[in-house]
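Asker: build me a structure from this.
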Amino acid sequence: MKKTLSLIAISLLLAGRTSAQDRDVLVKIGDGAPDFEVQLFDGEKLATRALRGRVVLLNFWATWNPPCLEEFKRVPAEIIERFEGKPFAYLAISREDTRDQVKAFREKTGYRFPMGLDPGREIFSKFAAASIPRDFVIDRAGKIVYMTSGYTEKGFSEMIRVIEKLLE
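Answerer: You can find the predicted model right below:
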């Protein structure tokens, strides 16, 4: 009986956590991705409408967040290189970090892929209220087809499968 009650309690706890994460999301699968313009680390500006016609993986992250850093370890080989030359774009947007913090992070890690800056959370707040990393897969028509919160190996692998399917 104790074991059953413990399993029920754990299930309720996890269900509550999932519900809280769901409340943090301001968009849903099937919605058109909100339009925005982001300043990239190199100073250029990118408007999302320029990405139409491509599958987009939009990632919100922060330099101080351990799950974000774990996810980034997989990005160069499993995202950037894997989908190079295909109608695909990867856009990592740093939430709340300053340009100097992102610069120091890039120098320390050697990452050179495009990074957008969202120091005031203006862009992030169009998609969610809390929790990073947060990934949104957007199809060629600009609709959100997949999203995750947090980082797990399984979730990351599933996201890759979704992208591959959209690029077929």
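Asker: which parts of the protein are helices?
Answerer: Listed in chain order, the helices of the chain (DSSP state H) span 2-24, 66-75, 99-109, 153-167.
Asker: lowest-pLDDT helix or strand in the protein?
Answerer: helix 2-24 (a mean of 42; mean pLDDT, DSSP states H and E).
Asker: ok, for residue 29, nearest residue in space, not its chain neighbours?
Answerer: Leaving aside its sequence neighbours, residue 29 sits nearest to residue 144 (CB to CB, 6 or more residues apart in numbering; 5.8 Å). Bear in mind the C-beta positions are built from the backbone N, C-alpha and C, glycine included.
Asker: residues in contact with the one you found?
Answerer: Residue 144 is in contact with 27-33, 136-138, counting by CB atoms under 8 Å, 6 or more residues apart in numbering.
Asker: filter those residues to the buried ones?
Answerer: In these, burial by neighbour count holds for 31, 33, 136-138, counting by 16 or more other CB atoms under 10 Å.
Asker: out of these, which is nearest to residue 66?
Answerer: residue 136 (20.8 Å; CB to CB).
Asker: could you double-check that that closest one lies in contact with residue 146?
Answerer: Yes. Using CB atoms under 8 Å, residue 136 is in contact with residue 146, at 7.4 Å.
Asker: tell me the spacing between residue 63 and residue 132.
Answerer: To residue 132, residue 63 is 11 Å away according to CB to CB, to the nearest Å.
Asker: equivalent analysis for residue 145, please.
Answerer: Per CB to CB, residue 145 is found 20 Å from residue 132.
Asker: of those two, which one has the most company?
Answerer: residue 132 (23 against 18; other CB atoms under 10 Å).
Asker: so what's that one up against?
Answerer: 60-62, 65, 67-68, 95, 149.
Asker: next one: residue 60
Answerer: Applying CB under 8 Å, 6+ apart, the residues near residue 60 are 92-93, 95, 118, 124, 127-128, 132-135.
Asker: of all the residues you listed, which comes closest to residue 46?
Answerer: After measuring the contacts of residue 60 against residue 46 - CB to CB - the closest member comes out as residue 93, at 10.0 Å.
Asker: show me the contacts for the nearest residue to that closest one once chain neighbours are set aside.
Answerer: Nearest residue to residue 93 in three dimensions, chain neighbours excluded: residue 116, at 3.9 Å (CB to CB, 6+ apart). Contacts for residue 116 (CB under 8 Å, 6+ apart) come out as 38-41, 46, 91-94, 123.
Asker: having no further points to raise, I will conclude here.
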